[in-house]
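Peer 1: Fold the following, please.
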Amino acid sequence: MRFAKQMAFYSAYHQEKRNILIHVVGVPTITFSVLLVLSWIKIPVLEGFPVTVAMVFTAAVLLYYFTLDFIFAFTATLLFGGLLGAAHYLSLHVDTTTGWIIFATAQILGWGTQFYGHFVFEKDRPALFDNLFQALISAPLFVVADVFFELGFRKDLENEVKQILSEQGKLKTFEAVAH
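Peer 2: Numbering: from 1, shown residues only. Below is the predicted model of the structure:
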């Protein structure tokens, strides 16, 4: 129930299919670029094993996700693991200037496309204006949930989220997009 309530807040801003698809690409892009920068910051914890702020940040976020929903958190762990691995690899193989260019490009494209999706397709402002924590920390988990819902999985939870949205008067309907 806790997850459904938090997902309902996020879903109130993400109901139009094209906007959701943009977020499925944009949120991991932004997350990757943040992990890239955080991979440069080493924490001297274990001798011989480099620990980075990216690792600590990822572990903390994933622990939070597991308090919300095990299945989505497990899937997010696979996603974050891939993003973290790629970020660490890239952090070791590109110079700092190139890294900052990758970061800036990913941030501009990731945020820019999402703002476009909100204002053009969703016809609403982004959730980050009302809840920065959800926009920056919880969004990757909610994107995982959106993919599950789109694939037809966890329909009971999707229906619970829609019920909450309906009760709040925030459930939107969009006309089908012609292909």
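Peer 1: Next, count neighbours for the residue nearest to Phe142 when sequence neighbours are not counted.
Peer 2: Leaving out its chain neighbours, the residue that sits closest to Phe142 by Cβ to Cβ, 6 or more residues apart in numbering is Tyr10, at 4.4 Å. The C-beta positions use only the backbone N, C-alpha and C, and glycine is treated the same way. Applying other Cβ atoms under 10 Å, we find 21 residues neighbouring Tyr10.
Peer 1: Tyr10 touches Pro140, doesn't it?
Peer 2: No. Between Tyr10 and Pro140 there is no contact under Cβ atoms under 8 Å: 10.9 Å.
Peer 1: Now do the same contact list for Leu84.
Peer 2: 35, 39, 54-55, 58 (Cβ atoms under 8 Å, 6 or more residues apart in numbering).
Peer 1: where's it, which helix or strand?
Peer 2: Leu84 is located in helix 70-93, with elements delineated by DSSP states H and E.
Peer 1: Low-confidence ranges, this structure, go.
Peer 2: 46, 175-179 (pLDDT under 70).
Peer 1: For the residue nearest the centre of the chain, give its distance to Lys172.
Peer 2: By Cα atoms, centre = their mean, the chain has its centre lying nearest to Pro140, at 2.0 Å. Counting by Cβ to Cβ, to the nearest Å, the gap from Pro140 to Lys172 is 23 Å.
Peer 1: How about Ser91?
Peer 2: 40 Å.
Peer 1: So which of the two has more stuff around it?
Peer 2: Per other Cβ under 10 Å, whichever of Ser91 and Lys172 has more neighbours is Ser91, with 20 against 14.
Peer 1: how many neighbours does the nearest residue to the more buried one once chain neighbours are set aside have?
Peer 2: Using Cβ to Cβ, 6+ apart and skipping the chain neighbours, the partner closest in space to Ser91 is Ser39 (3.8 Å). The local packing of Ser39 (other Cβ under 10 Å) involves 23 other residues.
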